[in-house]
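Trainee: curious how this folds, go ahead:
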Amino acid sequence: MKVVREILSDAEEKELQKHEAVIERGLPTFIEVGRALEAIRDEELYRRDYGTFDHYCRKRWRFGRKQGDRLIRSAVVGGFIAQELGEELNERQCRDLVNAPTGVKIDAVRKKGKERTA
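Mentor: Numbers count the residues shown, from 1 in each chain. Below is the predicted model of the structure:
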């Protein structure tokens, strides 16, 4: 695929920077969201208004318990990888590694890092 480099106007450059800043801020938020959901689930903080964690997720956030649990598991993996390897992965990449043994997770992240620098 040929890379086309076009010059952006000053206004377009500012727009690009603004949108990329949003994306950069958003990448780590799935870890924060997952950790918050984990605390709400584990401490049963939903119980004031909802009978179950599933009901809480569905009514408050419009996704089911499965998605809540996915976010929690991905956040655990993402936090581990960030802390141990200094790498930031997105939620989907972490979700793919949720069931992998620790060694496989580390190898996958190291391989990703090598591909990025090659």
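Trainee: quick one: the residue nearest to the spatial centre of the chain from D69, how far?
Mentor: Note on the chain: the residue nearest the mean C-alpha position is E91, at 3.1 Å, using CA atoms, centre = their mean. From E91 across to D69, the span is 13 Å (CB to CB, to the nearest Å). To be clear about C-beta, it is placed using only N, CA and C from the backbone, and glycine gets the same treatment.
Trainee: quick revisit: so the residue nearest to the centre of the chain makes contact with S74?
Mentor: Yes - under the criterion of CB atoms under 8 Å, E91 makes contact with S74 at 4.9 Å.
Trainee: hang on, the earlier thing: if I look at E91 and D69, which residues touch both of them?
Mentor: By CB atoms under 8 Å, 6 or more residues apart in numbering, E91 and D69 have no common neighbours.
Trainee: so which strand or helix has A21?
Mentor: Element membership for A21 (DSSP states H and E) is helix 10-26.
Trainee: for W61, give me its contacts.
Mentor: Counting by CB under 8 Å, 6+ apart, W61 has contacts G68.
Trainee: coming back round to it: which residues touch the residue nearest to the centre of the chain?
Mentor: E91 touches F30, L71, S74, G78, counting by CB under 8 Å, 6+ apart.
Trainee: ok, now C57?
Mentor: L37, F63, G64, R65, Q67, G68.
Trainee: name the residues of the helix or strand containing the first one that are buried.
Mentor: When elements are defined using DSSP H and E, L37 is found to belong to helix 29-42. Neighbour-count burial for helix 29-42, counted by 16 or more other CB atoms under 10 Å, picks out F30, I31, V33, G34, R35, L37, E38, I40, R41.
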